[in-house]
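Q: Quick one, fold the following:
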Amino acid sequence: MAKIKDQIHTAINASITGQQIYFLAFVFYFVPAFLIDTTFTQYLSWSKLRLLTYIAIPLIIFKIYVVDRWHWPALLLITLLLIFGVAAWRAAHYPEILMMMVFVLGAKNVQFRRIVQWYFYLSLVFMMLLAVIAIIGIVPNLIYYSNLRPTRYSLGMAYTTFVASHVVYIALAYCYLRFGKLKWFDYVGIIAIALVTLKLTNTRLDFYEMLLLIPIMWIAQRAQRGKSISRVFASFWWTATPLLSALTIIGAYFYSSSNHIYQKLNSLFTGRLSLSYEAFQRYPVSLLGRNIVEHSYGGAKGAKFANNNLYALSSHYFYIDSAYIRMLLVWGGVVFLLVIGGIIYITVKETAKKQYILPAIFILIAINAMFEPHILQMIYNPFLLVILATNPKLKLTDGERS
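A: Modelled structure (predicted):
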């Protein structure tokens, strides 16, 4: 009995670390934010789930201002960035930039590998549980019919592409955690999961990216082990984000439906080019962004909307899929420059340290951001959190060098 009392006394008097506060906030944010993108919103209030995500903010604010012990010039800059995050949130009516800003600035003295582990296991467990309960009918498994493509299933997510995007980012997290130890059977598993995802959701672009992941990771591991040719390739990966963002924006801005090449590309990218062009025609670029009303195929209403248009994309459909276009028009030019600049900072820093896993991941994220909108959502992308997190150099063992 005395031993139990001692253990209770020790637990009560144990100091709470900043890292523990951070992960508590991460879970408070992740769970309701994940549910928002699922068909659980037919039973749970979307707005109340959104309010629950805000519980994370005071926890991270406490960590920043009380636990982290920043010097006052850094605290002043952090305060200004947080105020900007609030302004961007209110302008666009999307809280993702504020939440990402809070968690990036709060990541001081937090092990980035632990962040990816938390993200990986939470995402994997939630995706598997959601698919099971959707298949057995506890929550809706939205089915999308079309005469132009195979039948698609949402597996409990609000839309089929959400499933594929989660799978892509989970695969990236897996490769990060297994980097230096990735073998042929890891790649076989990734291909198998990509094929199943393609079969159920018919998300071709995400499937191609999963296939591209394999040679990118192979080159990254060789570069990490000092192979000169692989290092030459990997040393240029930091350019992917600025180049692909510029290419996406210029391509969309100057899109012409009468151009044969543009027609082919628009068909390959399932109409994303023409929709991005339409977005530029409707909305000019602003510094802080704006609220843009969109009509997508997500959710039960969206599925009904989609299934009433079996032969073509509805003329009322309007959604900005590209993260680059979305950042520029919805969140504004300042957010766009901050995010692109942050990614350049991460990839150049890691390349200079001869650390190639994050540049490899960000070249794949750069490609994904051309077609998908999730770059600022932590339930998909935890990798921006590395900016201020603790990220020690990877040291390969002799066994890993063989």
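
Q: what sits against Ala300?
A: By Cβ atoms under 8 Å, 6 or more residues apart in numbering, the contact list for Ala300 reads 39, 42, 140, 142. Any C-beta I mention is one placed from the backbone N, CA and C, and that applies to glycine too.

Q: who's in contact with the closest residue to Leu329 other than its chain neighbours?
A: Closest residue in space to Leu329, ignoring its immediate chain neighbours: Tyr283 at 5.2 Å, by Cβ to Cβ, 6 or more residues apart in numbering. Neighbouring residues of Tyr283 by Cβ under 8 Å, 6+ apart: 290, 292, 329.

Q: tell me the pLDDT at Tyr283?
A: pLDDT, Tyr283: 91.

Q: swap in Val132?
A: Note on Val132: pLDDT of 96.

Q: just Ser315 next, same as before
A: According to the model, Ser315 scores 61 on pLDDT.

Q: cool, and Thr347?
A: 97.

Q: So what's the residue count around the residue nearest to it when sequence neighbours are not counted?
A: Spatial nearest neighbour of Thr347, chain neighbours left out: Trp238 (3.7 Å); criterion: Cβ to Cβ, 6+ apart. Using other Cβ atoms under 10 Å, Trp238 has 24 neighbouring residues.

Q: Spit out the contact partners of Trp238.
A: 344, 347-348, 351, 359, 362.

Q: Please list only the buried members of those residues.
A: 344, 347, 351, 359, 362 (16 or more other Cβ atoms under 10 Å).

Q: For Pro284, give its distance to Tyr253.
A: 11 Å (Cβ to Cβ, to the nearest Å).

Q: Those two: which is more packed in?
A: Between Pro284 and Tyr253, Tyr253 has the larger neighbour count (other Cβ under 10 Å), namely 15 against 8.

Q: isn't that one right next to Gln281, touching?
A: No: if you go by Cβ atoms under 8 Å, Tyr253 and Gln281 don't touch, sitting 9.5 Å apart.

Q: Would you work out how far apart the start and end of stretch 256-270 are?
A: 15 Å (Cα to Cα, to the nearest Å).

Q: go on, stretch 304-316?
A: Per Cα to Cα, stretch 304-316 runs 13 Å from first to last residue.

Q: One more: stretch 370-390?
A: In terms of Cα to Cα, the two terminal residues of stretch 370-390 are separated by 29 Å.

Q: Next, the buried residues of that stretch.
A: Buried positions in stretch 370-390, judged by neighbour count with 16+ other Cβ under 10 Å: 370-389.

Q: Compute the mean per-residue pLDDT across it, please.
A: Rounded mean pLDDT across stretch 370-390 is 94.

Q: And stretch 147-155, what's buried?
A: For stretch 147-155, by 16+ other Cβ under 10 Å, it's 152-155.

Q: quick revisit: weed out the non-buried ones from the contacts of Ala300.
A: The buried subset of these - by 16+ other Cβ under 10 Å - is 39, 140, 142.

Q: how about those in CSV, adding pLDDT and distance to Val167?
A: Listed next are these as CSV, based on pLDDT from 0 to 100; distance: Cβ to Cβ, whole Å:
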residue, pLDDT, distance to Val167
Thr39, 93, 18
Pro140, 92, 20
Leu142, 91, 17
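
Q: what's the closest of those to Gln111?
A: Nearest to Gln111 among those: Thr39, at 34.3 Å, using Cβ to Cβ.

Q: from memory that closest one sits against Val139, does it?
A: Yes: with contacts counted by Cβ under 8 Å, Thr39 reaches Val139, the gap being 4.8 Å.

Q: check contacts around Val334.
A: Contacts for Val334 were tallied using Cβ under 8 Å, 6+ apart; they are 84, 88, 287-288.

Q: again, 7 Å this time
A: 287-288 (Cβ atoms under 7 Å, 6 or more residues apart in numbering).

Q: Secondary structure of it: a helix, I assume?
A: Yes: according to DSSP: H, G, I helix; E, B strand; the rest coil, Val334 belongs to a helix.

Q: What distance do you get for it to Gly341?
A: With Cβ to Cβ as the criterion, Val334 and Gly341 are 10 Å apart.

Q: for Thr241, same thing?
A: From Thr241 to Gly341 the distance is 10 Å (Cβ to Cβ).
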